[in-house]
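Chemist: Provided below for reference: sequence and predicted model.
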Amino acid sequence: PCLWQKKITQAFIETNSDIVCIAGTSMGKTMTFWMPLLFKPGIQIVVTPLNLLGKQNVSSLAKAGLQSISISSETAS
């Protein structure tokens, strides 16, 4: 992991505050919001403009035994 990924993940785990992380495409943001899910119970909301990315994350998290949903214009009613 990159130093910025470690810092974001550590902030998620050690603090009880909202965090905004902005990084470019393919920079590794996914790891920064997956890691806290493994160590800290609770609800996490991730906003992405890409419907496919939401679906991929739901699938991958399910394989890791973590419940998740993707809400998009396709699933909203």
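Modeler: Perfect, I can see it now.
Chemist: centre-most residue in the protein?
Modeler: Phe33 (3.3 Å; C-alpha atoms, centre = their mean).
Chemist: which helix or which strand is home to it?
Modeler: Taking DSSP states H and E as the definition, one finds Phe33 inside helix 29-39.
Chemist: where along the protein do the strands fall?
Modeler: With strands called from DSSP state E, the chain shows none.
Chemist: pull the helix or strand with minimum mean pLDDT from this protein.
Modeler: helix 29-39 (a mean of 79; mean pLDDT, DSSP states H and E).
Chemist: check which residues of it are buried.
Modeler: Within helix 29-39, the residues scored as buried using 16 or more other C-beta atoms under 10 Å are Lys29, Thr30, Thr32, Phe33, Trp34, Met35, Pro36, Leu37. For glycine as for every other residue, the C-beta is placed from the backbone atoms N, C-alpha and C.
Chemist: got CSV for those residues, with distance to Thr75 too?
Modeler: CSV is the format used below for the buried residues of helix 29-39 (distance: C-beta to C-beta, whole Å):
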residue, distance to Thr75
Lys29, 22
Thr30, 20
Thr32, 24
Phe33, 20
Trp34, 21
Met35, 26
Pro36, 24
Leu37, 21
